[in-house]
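K.L.:
Got a sequence here, can you model it:
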Amino acid sequence: MYSSNNSRGLVGVCIIGRYQRDLRLSGLRLAWHQLLAAHGFDTAQEGFPQISRRVRNPLCNIARVPAEPTDGSYQTNSGDNDGIEEEEEEEEEEEKEEEEEEEEEEEEEEETRPEICNDPLVTGLNPMKKKKKKKKKKKKKKKKKKKKKKKKKKKKKKKKKKKKKKKKKKKKEEEEEEEEEEENKEVKEEEEKKK
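P.N.:
Sure thing, here's the model as predicted:
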């Protein structure tokens, strides 16, 4: 979108994908006029028209235009947009072709499938119940497996920590017992010497 602001001059916001870019440099105003004129917009009217999808891509090149060119002309790089438009059209055509192929494959599968008897007396199934999709089940199973693996890992870590703590406690107790025995021996030796 393009809007006017008395305090800062013209402010152009260029939306490219998810990113927004403010074009607040006064030197880019002429480049902006030139670009819109190249795409058939009337820049003499008050305010500016909404930027269409077709004009979106060349805005990437506006920042590269010099603010004060020496020869007095501004380059808009409008020719760079032709290749981008062709690529977009090709991508759209490919997507349409893929969708058509998928639809054809689905139709062929439906034609080749054998007729299923839906009689509840024969099949023992409730015809009112809808069949669940298998893909969702697979995803749920994968998630459950991941959760189980995580739980097992946590349990193993806890067990290891407990074992380490027990070993440390045992070592401390053994060291304390050895120290007590040594102290007792020293006391006995001192008592024997006194005697």
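K.L.:
Give me the distance between residue 99 and residue 92.
P.N.:
Distance, residue 99 to residue 92, using Cβ to Cβ, to the nearest Å: 11 Å. The way it works is simple: take the backbone N, C-alpha and C, and place the C-beta from them, glycine included.
K.L.:
ugh, wrong one, I meant residue 103
P.N.:
For residue 103, the distance to residue 92 - Cβ to Cβ - is 17 Å.
K.L.:
now residue 186
P.N.:
93 Å.
K.L.:
number of nearby residues for residue 142?
P.N.:
The tally of other residues near residue 142 (other Cβ atoms under 10 Å) stands at 10.
K.L.:
so it is in which element?
P.N.:
Assigned by DSSP states H and E, residue 142 belongs to helix 134-194.
K.L.:
domain ranges for this structure?
P.N.:
Under the assignment automatic domain parsing, the domains of the chain span 2-82, 146-195.
K.L.:
Can you flag the weakest of those by average pLDDT?
P.N.:
Of all the domains of the chain, the minimum mean pLDDT falls on domain 2-82 (a mean of 50).
K.L.:
okay, now residue 35: neighbour count?
P.N.:
24.
K.L.:
Over to the one 4 residues further on?
P.N.:
Around residue 39 there are 15 other residues, counting by other Cβ under 10 Å.
K.L.:
could you measure it against residue 32, distance?
P.N.:
In this view, residue 39 and residue 32 are 11 Å apart by Cβ to Cβ.
K.L.:
likewise residue 145?
P.N.:
Residue 145 sits 56 Å away from residue 32, going by Cβ to Cβ.
K.L.:
out of those two, which sits in the busier spot?
P.N.:
residue 32 (21 against 10).
K.L.:
give me the element residue 105 is part of.
P.N.:
Assigned by DSSP H and E, residue 105 falls in helix 81-112.
K.L.:
got a list of what residue 160 touches?
P.N.:
Not one residue lies near residue 160 by Cβ atoms under 8 Å, 6 or more residues apart in numbering.
K.L.:
Use 35 as the first number for this chain going forward.
P.N.:
Done: numbering now begins at 35, and the last item shifts to residue 194.
K.L.:
Give the residues shared as contacts by residue 73 and residue 66.
P.N.:
Contacts common to residue 73 and residue 66, judged by Cβ under 8 Å, 6+ apart, are absent.
K.L.:
where does residue 137 sit relative to residue 73, distance-wise?
P.N.:
36 Å.
K.L.:
for residue 226, that is, sorry about that
P.N.:
Applying Cβ to Cβ to residue 226 and residue 73 gives a distance of 110 Å.
K.L.:
Equivalent analysis for residue 187, please.
P.N.:
59 Å.
K.L.:
now residue 222
P.N.:
Distance from residue 222 to residue 73, by Cβ to Cβ: 105 Å.
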